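> Predicted model and sequence follow; I will ask about them next.
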Amino acid sequence: MCGSDAVRHFACAHGRRYGECGTCRLIHLAPEQRLSSAAERTEYATHSNDPADPGYRTFLGRVSIPLMRELAAGAEGLDYGSGPGPALSVMLQEQGFVVATYDPFFAPDEELLSRTYDFITCTETAEHFFHPEREFDRFDRMLRPGGWLAVMTELYIEEPAFEHWRYARERTHVCFYRPDTMSWLGKRYGWSVTNPHRNVFLFRQAEAESRPQQGPA
Ligand SMILES: [Zn+2]
């Protein structure tokens, strides 16, 4: 993710190979073992994300509740990776926020990616990124000064052993973050970082006057 070439073999699991970056500590599937777009789409279409399901609402509440505490009334946001059935956007809209949805397979309105937002939600999506560095660069561009990026993904924290970790079993999960990776992201973009739930990170874009100078990467 960080462009470092300090990538080393990390694990073999479920018949697949994973590397780990020695700098940002991202764990990622060997690129040649990723699914094709068509196979990915088929897989995602089977996911059920029903906003009427109370269990799913509780799950998304881990993100929406701490995020909403930080947002001004009527704040404008983007749900990035909304999937086949938007759920989090519906929950936020019910509370008076303005939320657009983007998904490369199910809501591919690229025009939305050239706008800016007060907040971006990225739930159960970052583990699917083929090019996380491009995705996080884009989040950085899309966030208004003082804006929030809410990421929910299951972090890898050494236990259980990677090859027994349920989250890595899913074939569309191609990258895995650690607490160190999240700290690294905060430093990389000058975002403040809070961690209101084990698997939820709220990043905050600096206010305009305190943005770090963006030099060449
Ligand atoms: Zn890296």
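Structure's in. What do you need? Because the structure is a prediction, the values reported are computed rather than measured.

> When you work out contacts or count neighbours from here on, use the C-alpha atoms and nothing else.
OK.

> near the ion, which residues of this protein show up?
Residues of the chain lying close to the ion by C-alpha under 5 Å from the ion are Met1, Cys2, Cys21, Thr23, Cys24.

> Put together CSV for these, with neighbour count and pLDDT on each row.
Formatted as CSV, the residues of the chain next to the ion follow (neighbours: other C-alpha atoms under 10 Å; pLDDT from 0 to 100):
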residue, neighbour count, pLDDT
Met1, 21, 77
Cys2, 18, 79
Cys21, 20, 92
Thr23, 16, 91
Cys24, 23, 94
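
> can you map out the strands along the chain?
With strands called from DSSP state E, the chain shows them at 7-13, 16-21, 27-29, 76-80, 98-102, 117-123, 143-152, 175-176, 192-197, 200-204.

> Let's have these in CSV, adding distance to Leu60.
Output for the strands of the chain, formatted as CSV (distance: least, C-alpha to C-alpha, whole Å):
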stretch, distance to Leu60
strand 7-13, 29
strand 16-21, 28
strand 27-29, 24
strand 76-80, 12
strand 98-102, 15
strand 117-123, 8
strand 143-152, 9
strand 175-176, 19
strand 192-197, 11
strand 200-204, 10
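
> The lengthiest helix in the chain packs against which elements?
Longest helix in the chain, counting residues (DSSP state H): helix 54-70. The contact analysis (3 or more C-alpha pairs under 8 Å, 6 or more residues apart in numbering; DSSP states H and E) places helix 54-70 against helix 88-94, strand 143-152, strand 192-197, strand 200-204.

> Would you mind writing the CA trace of the last one as PDB?
Extracted in PDB, the C-alpha atoms of strand 200-204 (Å, rounded to 0.1, in the frame of the first residue of the first chain):
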ATOM      1  CA  VAL A 200     -14.000   0.600  13.300                       C
ATOM      2  CA  PHE A 201     -11.600   3.500  12.600                       C
ATOM      3  CA  LEU A 202     -12.600   7.100  12.300                       C
ATOM      4  CA  PHE A 203     -10.100   9.200  10.500                       C
ATOM      5  CA  ARG A 204     -10.400  13.000  10.400                       C
END
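
> Quick one: list the elements packing against that strand.
Counting contacts by 3+ C-alpha pairs under 8 Å, 6+ apart, strand 200-204 packs against helix 54-70, strand 143-152, strand 192-197.
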